[in-house]
Structure formats: structure tokens, C-alpha cells
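Colleague: Sharing a model that was predicted from the sequence below.
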Amino acid sequence: MTDIPVAPAIFQLPREQGEGWRMEVYDRLGSTSDLCKARLEAGEGANGVAILALEQTAGRGSRGREWTDPGGNLALSIMLTGQGAGVPVGLWPFIAGLALYGAVARFLPTDDALELKWPNDLLLAGRKMAGILIETGAVANMAWQVIGIGVNLARAPRIEGRELACLADGVPDAPTPQEMARAVLRELDTWLHRYTTGGFDVIRHAWLERAHPVGTTIGVRAGNQQFSGTFYGLADDGILLLQTPSGLRRVVTGEVLLAPGG
């Protein structure tokens, strides 16, 4: 059965610069990102519109995975068009990752257990609790990007072979999806401004401070290949640098493996 969106609750949220965020809150959707893409492809999208679903039945993660939502979690997608889509797509995982880290850290007594994992995951105590999915396109010569963010707030789904975390593991009362969505948008505004004024060097430095440390032994799964080495940092375009026995390797895409289930 297809989920048909009903009229959402609409909230206007201020921003440091430019027009405010428009957040549309739906009780139930198939996929927040699919709704964004459908509206953009129909020419109905607008820059700075965020779609939040309190229940998402057909969420998607990276590498074609299903993003299971058992309820009470964050399912948020943000439409960016025109000038708002001007950030190179390869840099978005780092800007959005910093926003996600900052938003989650607001609700924890300390951020010691939080860690960003290249390129688009957030870990809590070594287990994945949140992810980011970036999608791009164009319509009528106008580029668009959709930033999809999923966070396990109240509970983590059970997925065979994977160990997942939720924010409720770290705090007695997890925030509501609306509270987390507002925090993410505030943080995203902050990090977009820092990128605009300082460039990717500012973003890269901040991301590395919050990520698996340089020198960490990691594995990478890319397609049907799997290889390992030590994390050497990020190139100036966000590409992962991996020191291997045969030399420095640039990893454009792939899944970083820090631990079983990570």
C-alpha cells in the first residue's frame, strides 16, 4: 500500500542568514527523500524546505540498504536548490555530519562516546546510530540536492549481522523527532556559514577532530573489493586517504569497517 501524504504541520524556523527553514511535519510517509525528489522533479521544490516524518515506512540508506524505522526516530530530508545547492556534493557528508554530531551532542551529558565515520555515519559507543544520504539532480537547468538524515532516537532497529545504537542508550529521555530536527537545522545553518566563510579547510579540521583518529587501522569495502590500511586523513575534496603497504591510496567511495557491525 502506498503512503499518501496528508496535509503537514508547518513551522518556520529562523536562520543566521537568508530566508528561514520551512519544516513540514508529516505523521507518516514512505520516504522523506522520495517526497523531496518528487516535488523537485515536478518543479515544486524550494530551497531550505525540510520534510520530517514521524513514521517512515520505506526509508533508504546508503549503498542501497533499507533504513528501518521502528518509530520514534528521526527521518528528515532537506531540499536545496539554486544557490542553496552550490556546495559540491562530495563535501556535503562532512558538513551534514558535523551538523548531525552537534545536534546529537546537545542531548548527551558528554560527547565522548560520539564519533563520525567516513563518509556519512555517526557512531555512539562504536555502534552506528545515524546516517546521511545525499542525492542530486536537476530540473529545468536548476540543480538540486536532497540531504537525507536518519537518527535512531528512541530505539534501534534489529538488523541481522549489524550492531546499532540509539540515543536512548546514552540518555534516559531521548528527544522527540521534532526536537532533534530543529537541532539539526540549527547546526546545519552554523556549519554552512562556517563553510561559506572559511572553506573546506575549516570543515575538514573540525570533522577530523570528531572522527576516527588518524592512524586508526580500518578496512574498506568497495564493490567486490576489500582492503585495509591506516587512516591518513582527508584530501581537500573529502576523499579518504588510506596508508597501505603499497603506498598512499585515495578512496573515492566505499564502506569503512572499524569493527564488526560498524
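Modeller: It's in.

Colleague: Apart from its neighbours in sequence, what residue is nearest residue 71?
Modeller: Taking CB to CB, 6 or more residues apart in numbering, and ignoring the residues beside it in sequence, residue 71 has residue 55 as its nearest neighbour in space, at 5.9 Å. Heads up, the C-betas are built off the backbone N, CA and C, glycines and all.

Colleague: what ranges do the helices span in the stretch 101-250 of the chain?
Modeller: Listed in chain order, the helices found in the stretch 101-250 of the chain under DSSP state H, counting those that start in this stretch are 177-198, 200-210.

Colleague: packing partners for the longest one?
Modeller: Meaning helix 177-198. In terms of contact count using 3 or more CB pairs under 8 Å, 6 or more residues apart in numbering; DSSP states H and E, helix 177-198 is assigned the packing partners strand 9-13, strand 21-26, strand 49-53, strand 74-81, helix 92-105, strand 142-151, helix 200-210.

Colleague: on that earlier part again, pLDDT score for the residue nearest to residue 71?
Modeller: You'll see residue 55 listed with a pLDDT of 90.

Colleague: hang on, the earlier thing: between the helices of the stretch 101-250 of the chain, which one is closest to residue 158.
Modeller: Residue 158 lies closest, by CB to CB, to one member of these: helix 177-198, at 19.9 Å.

Colleague: Please identify the buried residues of the closest one?
Modeller: Neighbour-count burial for helix 177-198 flags 177-178, 180-189, 191-192, 195 (criterion: 16 or more other CB atoms under 10 Å).

Colleague: which one of the residues you listed sits closest to residue 215?
Modeller: residue 191 (25.5 Å).

Colleague: Please list all residues in contact with the closest one.
Modeller: Residue 191 is in contact with 95, 98-99, 102, 203, 206, counting by CB atoms under 8 Å, 6 or more residues apart in numbering.

Colleague: Which of those residues sits closest to residue 134?
Modeller: When the contacts of residue 191 are compared for distance to residue 134 (CB to CB), residue 95 comes out closest, at 10.1 Å.

Colleague: Not counting residues beside it along the chain, what's closest to that closest one?
Modeller: Using CB to CB, 6+ apart, the closest residue to residue 95 is residue 191 (5.1 Å).

Colleague: Tell me the pLDDT of the one you found.
Modeller: As predicted, residue 191 sits at a pLDDT of 95.

Colleague: ditto for the one 4 residues further on
Modeller: Per-residue confidence (pLDDT) for residue 195: 95.

Colleague: from what I can see it touches residue 203, true?
Modeller: Yes - Residue 195 is within contact range of residue 203, at 5.4 Å (criterion: CB atoms under 8 Å).

Colleague: where do the contact lists of the two overlap?
Modeller: With CB under 8 Å, 6+ apart, residue 195 and residue 203 have common neighbours 91, 95.

Colleague: gap between residue 231 and residue 84?
Modeller: Distance of residue 231 to residue 84, given as CB to CB, to the nearest Å: 31 Å.

Colleague: For burial, what's the neighbour tally of residue 158?
Modeller: Neighbour count for residue 158, taken as other CB atoms under 10 Å: 9.

Colleague: what's near enough to touch it?
Modeller: Counting by CB under 8 Å, 6+ apart, residue 158 makes contact with residue 164.

Colleague: How about residue 169?
Modeller: Contacts of residue 169 (CB under 8 Å, 6+ apart): 124-125, 129, 156.

Colleague: And it, what's its pLDDT?
Modeller: 90.

Colleague: The most centrally placed residue in the chain - nearest residue in space that isn't next to it in sequence?
Modeller: Central residue of the chain (CA atoms, centre = their mean): residue 132, 2.4 Å from the mean position. Closest residue to residue 132 apart from its sequence neighbours, by CB to CB, 6+ apart: residue 120 at 4.1 Å.

Colleague: The one you found: neighbouring residues, count only.
Modeller: Number of residues near residue 120 (other CB under 10 Å) recorded here: 23.

Colleague: Next, the contact list for the closest residue to residue 72 other than its chain neighbours, please.
Modeller: Nearest non-adjacent residue to residue 72, counting by CB to CB, 6+ apart: residue 154, 3.2 Å away. For residue 154, the contact set (CB under 8 Å, 6+ apart) comprises 71-73, 166-168, 174.
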